[in-house]
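Student: below is the sequence, then the predicted model.
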Amino acid sequence: MSHVLITFLGKGEKGTDGFYKPEQYHFENDDTPYYETNFFGLAVLKHLINTNSPPKKFPPDKLVVLGTPSSMWNGFYELDGEVKPQHETAWATLGDAINENIDYPEAE
């Protein structure tokens, strides 16, 4: 049987460094680790992969992410507060496309 994790991607808040702010997620009351990431769905995925204690959890075979044009799509390239060199071009291209196609409300 195939397992699919379906999650949603919202619009996150960027820090002063220009990266999305990571949050800490903790899913159980035992000694399972905290997952620090800027994307909740990624924390759930990491938890499902890392958890082997009963009840048995099964990591998904596929991750499906739903969002809107203003979702933080370029956040996928930001891992541990940085963009890896091999992803810099894709990250910048996606960020430019997002900024060019989104009408942001004026700050008051």
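Tutor: Yep, it's here.
Student: worst-scoring helix or strand of the chain, pLDDT-wise?
Tutor: Every helix and strand in the chain was compared by mean pLDDT, DSSP states H and E; the lowest is strand 78-79, with a mean of 69.
Student: so where's this protein uncertain?
Tutor: Under the criterion pLDDT under 70, the flagged ranges of the chain are 18, 29-32, 51-57, 79-81, 101-108.
Student: can we see that at 80?
Tutor: Residues of the chain that meet the criterion pLDDT under 80 lie in 1, 11-21, 28-33, 50-59, 69-84, 91, 94-95, 97-108.
Student: how about the top helix by length along it as PDB, C-alpha atoms only?
Tutor: As assigned by DSSP state H, the longest helix anywhere in the chain is helix 88-101. Listed next in PDB are the C-alpha coordinates belonging to helix 88-101 (Å, rounded to 0.1, in the frame of the first residue of the first chain):
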ATOM      1  CA  GLU A  88      21.500  28.900  -5.500                       C
ATOM      2  CA  THR A  89      20.500  29.500  -9.200                       C
ATOM      3  CA  ALA A  90      17.200  27.600  -8.800                       C
ATOM      4  CA  TRP A  91      16.500  29.400  -5.500                       C
ATOM      5  CA  ALA A  92      17.200  32.900  -7.000                       C
ATOM      6  CA  THR A  93      15.200  32.100 -10.200                       C
ATOM      7  CA  LEU A  94      12.200  30.900  -8.200                       C
ATOM      8  CA  GLY A  95      12.400  33.900  -5.800                       C
ATOM      9  CA  ASP A  96      12.400  36.400  -8.700                       C
ATOM     10  CA  ALA A  97       9.500  34.600 -10.400                       C
ATOM     11  CA  ILE A  98       7.500  34.800  -7.100                       C
ATOM     12  CA  ASN A  99       8.300  38.500  -6.600                       C
ATOM     13  CA  GLU A 100       7.400  39.400 -10.200                       C
ATOM     14  CA  ASN A 101       4.000  37.600 -10.100                       C
END
